[in-house]
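*Asks:* take a look and give me a structure for this.
(one chain, ligands or ions: 1)
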Amino acid sequence: MMRRSQASRAKPKVSLSFLSRCRNSRETPLKHKPKLGQNFLVDPAACVAIADALGNVSAQTVVEIGPGRGAITEILARRVKRLVAIELDRELAPRLRTQFAETPSVEIIEADVLTVDLASLREGEEKLAVVGNLPYYITSDILLRLFEFHDVISRAVVMIQREVADRVAASPGTRDYGLLSATAQLYARLERVLTLPPEAFLPPPEVHSTVLRLTMRPRFAEFGVDPEPFIEFLKAGFAQKRKTLAKNLRAAGYDSARLAAALPAAAISPLARAEEIELERMAALWKNLSQEN
Ligand code: SAM
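*Replies:* Residues are numbered from 1 along each chain as shown. As a prediction, this is how the structure comes out:
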């Protein structure tokens with residue numbers, strides 16, 4: 001019997017089936033479920049670009065979030081050591097199992113991705129690659145879940161709403177910078193891969209979509225902060241966008257006198273908002289406030 005790793009390397013010499021899969025997404029009538037964020041990708045070049053953005057995955061397990069009708073799955077199946085695709089839709093999951101029945105590198109899990117222990121999907125100590133045209137209604141939750149599992153993930157290529165990508169990748173001091181940007185940038189290096197118009201999907205969403213590549217590179221050690229309390233501190237600092245950082249921190253229970261001393265020590269104006277301050281200075285402030293008296 002062929003072992004899984006051998007079987008998964010047995011690839012057809014030439015297969016353009018992914019192109020027909022992308023086209024079929026347009027042709028085959030299939031009820032989509034807007035509540036599950038089902039906007040299927042029907043642009044073959046975009047499917048390839050997303051798979052390409054993952055890089056070489058021939059020795060890696062790839063986790064696909066929301067494979068849908070398999071447009072991206074079809075391409076990756078021929079490139080990976082192993083692909084675990086997590087689909088919540090109880091009609092799509094069995095359909096995918098049939099579609100990939102002859103492809104031993106592909107496993108379909110019918111589940112809510114937010115409940116799956118991603119670490120358990122690894123073979124040995126390997127790091128996972130993650131890919132997905134994400135269901136937009138839970139984009140932030142999925143990103144936070146990926147950060148939670150940052151130590152078992154090497155990189156992720158995700159399609160998200162363009163405006164959310166702008167927020168995730170925003171720089172401090174710009175309109176889009178906020179808690180999501182700060183958190184994402186604490187865990188990962190971010191690169192925009194491409195942006196697609198609504199017509200690339202069926203049915204077309206009302207928004208443009210952007211593919212982001214996240215290369216996990218946690219910065220807690222560099223900043224000398226403990227992950228959990230520092231993230232709680234960030235949440236407190238960003239709690240109310242209109243308020244200053246100092247006011248938000250006082251509302252969270254930080255002592256006024258200590259803040260008055262710690263803010264200038266971290267080169268932060270008492271009138272600054274959290275959105276204006278880069279992670280280095282936030283970390284300096286947290287460390288100062290966390291010191292024993
Ligand atoms: N990957 C396909 C494509 O690009 O055409 C489908 C992408 S579609 C935007 C999002 C997919 O995520 C749908 O198939 C949807 O059923 C699935 N989905 C929605 N919520 C999910 C969840 N909580 N866990 C796993 N999959 C989910």
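*Asks:* dump the strand or helix carrying residue 129 to PDB, restricted to CA.
*Replies:* Under the criterion of DSSP states H and E, residue 129 resides in strand 128-133. What follows is the C-alpha trace of strand 128-133 in PDB, where atoms were taken according to Å, rounded to 0.1, in the frame of the first residue of the first chain:
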ATOM      1  CA  LEU A 128       1.500  24.600   9.400                       C
ATOM      2  CA  ALA A 129       0.800  26.900   6.500                       C
ATOM      3  CA  VAL A 130      -2.700  28.300   6.400                       C
ATOM      4  CA  VAL A 131      -4.700  29.500   3.400                       C
ATOM      5  CA  GLY A 132      -8.300  30.700   3.000                       C
ATOM      6  CA  ASN A 133     -10.700  33.000   1.200                       C
END
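*Asks:* whether that strand contacts the ligand - can you check?
*Replies:* Yes - on the criterion C-beta under 6 Å from any ligand atom, strand 128-133 is in touch with the ligand at residue 133. (C-beta placed from N, C-alpha, C; glycine too.)
*Asks:* what does that strand rub up against?
*Replies:* Strand 128-133 is contacted by residues 39, 41, 50-51, 54-55, 57, 60-66, 68, 72, 76, 118, 121-122, 142, 146, 149, 152-159, 209 when judged by C-beta atoms under 8 Å, 6 or more residues apart in numbering.
*Asks:* let's see that with 7 Å instead.
*Replies:* 41, 50, 54, 57, 60-66, 72, 76, 118, 121-122, 146, 152-159 (C-beta atoms under 7 Å, 6 or more residues apart in numbering).
*Asks:* are any of the residues you listed buried, and which?
*Replies:* 41, 50, 54, 57, 60-66, 72, 76, 118, 121-122, 146, 152-159 (16 or more other C-beta atoms under 10 Å).
*Asks:* ok, the spatially most central residue of the chain - contacts?
*Replies:* By C-alpha atoms, centre = their mean, the chain has its centre lying nearest to residue 143, at 4.0 Å. Shown in contact with residue 143 (C-beta under 7 Å, 6+ apart): residue 184.
*Asks:* distance of residue 150 from residue 144?
*Replies:* According to C-beta to C-beta, to the nearest Å, residue 150 and residue 144 sit 11 Å apart.
*Asks:* among the contacts of strand 128-133, which are in strands?
*Replies:* Judged by DSSP state E, the subset of the contacts of strand 128-133 located in strands is 41, 61-65, 153-159.
*Asks:* about what we covered before: go through the host helix or strand of the residue nearest to the centre of the chain and flag the buried ones.
*Replies:* Counting by DSSP H and E, the element that carries residue 143 is helix 139-148. For helix 139-148, a neighbour-count test (16+ other C-beta under 10 Å) marks 139, 140, 142, 143, 144, 145, 146, 147 as buried.
*Asks:* stretch 166-176 now?
*Replies:* Here stretch 166-176 shows 166, 167, 168, 169, 170, 172, 176 as buried, counting by 16+ other C-beta under 10 Å.
*Asks:* which single one of those is nearest to residue 97?
*Replies:* Among these, residue 168 lies closest to residue 97 (C-beta to C-beta), at 32.6 Å.
*Asks:* who touches the closest residue to the closest one other than its chain neighbours in this structure?
*Replies:* Spatial nearest neighbour of residue 168, excluding adjacent residues (C-beta to C-beta, 6 or more residues apart in numbering): residue 184 at 4.7 Å. Neighbour list for residue 184: 143, 168, 190 [criterion: C-beta under 7 Å, 6+ apart].
*Asks:* so how far is the ligand from the residue nearest to the centre of the chain?
*Replies:* 13 Å (C-beta to the nearest ligand atom, to the nearest Å).
*Asks:* check residue 227 too.
*Replies:* 25 Å.
*Asks:* so that residue sits against residue 220, correct?
*Replies:* Yes - between residue 227 and residue 220 a contact is recorded at 5.0 Å, counting by C-beta atoms under 7 Å.
*Asks:* ok, back up a step: report pLDDT for the residue nearest to residue 168.
*Replies:* With respect to pLDDT, residue 184 scores 98.
*Asks:* and the buried ones among the contacts of strand 128-133 near the ligand, which?
*Replies:* Among those, the ligand is touched by 41, 65, 66, 72 when using C-beta under 6 Å from any ligand atom.
*Asks:* looking at these, point me to the pair that's furthest apart.
*Replies:* 41 and 65 (13.2 Å).
*Asks:* quick one on the thing from earlier: which one of the buried residues of helix 139-148 sits closest to the ligand?
*Replies:* Proximity of the buried residues of helix 139-148 to the ligand (C-beta to the nearest ligand atom) peaks at residue 142, which lies at 7.8 Å.
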